[in-house]
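# how would this look folded up:
(one chain, ligands or ions: 1)
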Amino acid sequence: MGIVERIKEIEAEMARTQKNKATGANALGCSILVLPSDWLSQMHHGALQAVASYPNPTKSPAPRYSRNCNCPYTKKQVIKYHLGQLKAKIAKLRTQLLEPPKGTSGAGEGFEVTKFGHGRVALIGFPSVGKSTLLTLLTGTHSEAASYEFTTLTCIPGIIHYNGTKIQLLDLPGIIEGASEGKGRGRQVIAVSKSSDVVLMVLDASKSEGHRQILTKELEAVGLRLNKRPPQIYFKKKKTGGISFNSTMALTHVDEKLCYNILHEYKIHNAELLFREDATVDDLIDVIEGNRKYMKCIYVYNKIDVIGIDDVDKLARQPNSVVISCNLELNLDRLLAKMWEEMGLVRVYTKPQGQQPDFSDPVVLSADRGGCTVEDFCNQIHRSLVKDVKYVLAWGISARHYPQHCGLAHLLHDEDVVQIVKKKEKDDGGGKGRFKSHSTGPARISDRVKKAPLKQ
Ligand SMILES: Nc1nc2c(ncn2[C@@H]2O[C@H](COP(=O)(O)OP(=O)(O)OP(=O)(O)O)[C@@H](O)[C@H]2O)c(=O)[nH]1
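Below you'll find the predicted structure:
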């Protein structure tokens, strides 16, 4: 049996279990759940294999539950443990399904686009929602657009010049339902999306909301978590010592037994587990799998020219959503501003000693890629610079007074101005072009920076 069929079978078993739970019947579809004592003893030892392998009668007898037995678990708990184990099985199979064929990167022909600029944004969506039209409008790069589906078959890159930075925008082929199972070009599209900083999910405003849910489900299935933060669970595999389970708060979704069973499913018998929030089974599985990507996603509703104003208003009020019309070029500024905000890029201007800052050429930092401290700033200029730094002078929003003397750990803000004073070369006047940065283009100078006294 193939991996996809095995996933489908487990999903069917989960649906059966959940339905029975809702209707008051037991997890296994029989009216009275009677667990034999030998099966219960297995449960006490943390195996729960009898439940997991049911309803295959060749593997184990049907588990049954008796009120008179001395099983420490309630019927509800047994069902919860069973569902948890099934979820772990599916997660393991999905990871196997997504593994690229040996010797390849997973991107595939026509999808291996080199990263360029200060950030990468991917356009994903169903066919014919206007992704290529949007790429052409924002970047000037021509991408074939037509009224029939699947005009785009590979990854088409373009560059957006915004706020003095360069952002790579990728037009990708339309995703269809079942992409997570490798249907269409789903696997390649998802591999490229994972390499981007922000995803723009382009939706047709005139179509049903169902499209957004289908796409979100497909992306969730391949380990992309949209607009979520990583679960606050500390997990570390160890060589010996068994499993240590701790939590800093009351847990309502999981308990110790459930966590043991899930770790057992992954054949992990020695580990440290600390819950810092009331996490769910899915969160725990995400942490154990360790390959999830937490991404920012903007829902872009295109073609608002064909729907009524009330519907536009409703869509625009949803969180992380922007409504646009490529045909009428409506609201594209708002889309760019939102994209910029989500990318969280920090532009830092260099100031050679005794000279005005260079506002034309910022050093661009990002909290997601590397960080935004003075040390990250130095590393971006040159790897060897950090060891020569005596102190740093900073002007701008991150500075409490102008200029502020700060160390390597100082967190920089967008549009700050920085002057580095080196250990030995303090009196050499700074030297022209000492801090060479990499981007070009017009830069907006914040009022605070303009007013700042730049005497140093
Ligand atoms: N009414 C209206 N039509 C639009 C708008 N934007 C794009 N279209 C039309 O939608 C159709 C599909 O546009 P494309 O840009 O090719 O869509 P796509 O998402 O790239 O399609 P695939 O390449 O198949 O994935 C074209 O006929 C466009 O003219 C819009 O804002 N309003």
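# per-residue pLDDT, the spatially closest residue to residue 231 that is not a sequence neighbour?
In this structure, residue 231 finds its nearest non-sequential neighbour in residue 283, 3.7 Å apart by Cβ to Cβ, 6 or more residues apart in numbering. Glycine gets a C-beta too; all of them are placed from N, C-alpha and C. Note for residue 283: predicted pLDDT of 93.
# can you check residue 33 too?
At residue 33, pLDDT is 42.
# Helices of this protein, residue ranges please.
3-23, 37-44, 49-53, 75-98, 131-139, 186-194, 210-221, 256-265, 281-289, 309-316, 332-343, 374-381, 447-451 (DSSP state H).
# Nearest to the ligand, out of those?
helix 131-139 (3.4 Å; Cβ to the nearest ligand atom).
# Quickly check: the closest one near the ligand or not.
Yes. Against the ligand, helix 131-139 shows contacts by Cβ under 6 Å from any ligand atom at 131-133.
# contact partners of that helix?
Residues from elsewhere that reach helix 131-139, judged by Cβ atoms under 8 Å, 6 or more residues apart in numbering: 123-125, 141-145, 151-152, 156, 158-160, 169, 171-172, 174, 200, 202, 300, 302, 324, 326-327, 329, 332, 336.
# now that helix and helix 332-343, what's the angle there?
Going by axes from the mean of the first three to the mean of the last three Cα atoms, to 10 degrees, helix 131-139 is angled at 90 degrees with respect to helix 332-343.
# any idea of the mean pLDDT for helix 131-139?
Rounded mean pLDDT across helix 131-139 is 91.
# Quickly note the distance from residue 388 to residue 284.
Distance of residue 388 to residue 284, given as Cβ to Cβ, to the nearest Å: 46 Å.
# and those two? which has more neighbours close in?
Neighbour totals were compared for residue 388 and residue 284, and residue 284 leads with 24 against 14 (other Cβ atoms under 10 Å).
# Now do the end-to-end distance for stretch 264-274.
This stretch, stretch 264-274, spans 17 Å end to end (Cα to Cα, to the nearest Å).
# Run through who's touching that stretch.
Residues from elsewhere that reach stretch 264-274 (Cβ under 8 Å, 6+ apart): 46-48, 85, 88-89, 92, 233-248, 259, 263, 288.
# Produce a ChimeraX select command limited to the buried residues of those residues.
This is the ChimeraX syntax for the buried subset of the contacts of stretch 264-274, where burial follows 16 or more other Cβ atoms under 10 Å:
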select :48,85,88,89,92,233,235,243,245,247,259,263,288
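# Name the nearest of the residues of helix 131-139 next to the ligand relative to residue 187.
Nearest to residue 187, judged by Cβ to Cβ, of the residues of helix 131-139 next to the ligand is residue 131 at 18.2 Å.
# What is the neighbour count of the closest one?
So residue 131, with other Cβ under 10 Å, has 30 neighbours.
# who's the residue lying closest to it once chain neighbours are set aside bridged to?
Leaving aside its chain neighbours, residue 131 sits nearest to residue 123 (4.4 Å; criterion: Cβ to Cβ, 6+ apart). Here residue 123 sits in beta bridges with residue 171, residue 200, going by DSSP bridges.
# Isn't residue 123 up against residue 168?
No. Using Cβ atoms under 8 Å, residue 123 makes no contact with residue 168, being 11.3 Å away.
# Between those two, tell me which one has more neighbours.
residue 123 (27 against 21).
# contacting residues for the more buried one?
131, 134-135, 169-172, 200, 202.
# Quickly list what residue 420 is bridged to.
Beta bridges link residue 420 to residue 392, judged by DSSP bridges.
# for residue 297, same thing?
What pairs with residue 297, by the bridge criterion (DSSP bridges), is residue 199.
# tell me the contacts of it?
198-201, 226-227, 320.
# List buried residues within those.
198-201, 226.
# which one of those residues is nearest residue 18?
Closest to residue 18, out of all of the buried ones among the contacts of residue 297 and judged by Cβ to Cβ, is residue 226, at 23.9 Å.
# Do you know the pLDDT at residue 104?
Looking at residue 104, the pLDDT reads 59.
# do the one 10 residues further on as well
In this prediction, residue 114 carries a pLDDT score of 77.
# cool, and residue 315?
92.
# tally of neighbours for it?
Number of residues near residue 315 (other Cβ under 10 Å) recorded here: 18.
# and it, what is it in contact with?
Contacts of residue 315 by Cβ under 8 Å, 6+ apart are 205, 301, 304, 321, 323.
# Give me the pLDDT value at the residue nearest to the fourth one when sequence neighbours are not counted.
It refers to residue 321. Nearest residue to residue 321, sequence neighbours excluded (Cβ to Cβ, 6+ apart): residue 299, at 4.4 Å. Confidence at residue 299, expressed as pLDDT, is 95.
# For the ligand, see how far away residue 299 is.
15 Å (Cβ to the nearest ligand atom, to the nearest Å).
# do the same with residue 296
For residue 296 relative to the ligand (Cβ to the nearest ligand atom), the value is 21 Å.
# That residue contacts residue 199, doesn't it?
Yes. In this structure residue 296 lies within contact range of residue 199 using Cβ under 8 Å: 7.3 Å.
# where exactly do the strands run in the stretch 101-250 of the chain?
For the stretch 101-250 of the chain, the strands defined by DSSP state E, counting those that start in this stretch occupy 119-125, 156-162, 165-171, 198-204, 224-226, 233-237, 243-247.
# could I get those as JSON lines with mean pLDDT?
Converted to JSON lines, these look like this (pLDDT from 0 to 100):
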{"stretch": "strand 119-125", "mean pLDDT": "91"}
{"stretch": "strand 156-162", "mean pLDDT": "90"}
{"stretch": "strand 165-171", "mean pLDDT": "91"}
{"stretch": "strand 198-204", "mean pLDDT": "94"}
{"stretch": "strand 224-226", "mean pLDDT": "91"}
{"stretch": "strand 233-237", "mean pLDDT": "94"}
{"stretch": "strand 243-247", "mean pLDDT": "91"}
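# Can you give me the buried ones in stretch 211-229?
So for stretch 211-229, counting by 16+ other Cβ under 10 Å, buried means 211-212, 214-216, 218-219, 221-226.
# So what's the gap between it and the chain middle?
With Cα atoms, centre = their mean, to the nearest Å as the basis, stretch 211-229 stands 9 Å off its chain's centre.
# what distance separates the start and the end of that stretch?
Using Cα to Cα, one end of stretch 211-229 lies 23 Å from the other.
# For the remainder of this discussion, apply numbering that starts at 58.
All set: I'll call the first residue 58, so the last point we hit is now stretch 268-286.
# right, is it up against the ligand?
No. If you take Cβ under 6 Å from any ligand atom as the test, stretch 268-286 misses the ligand, and the best it gets is 11.9 Å.
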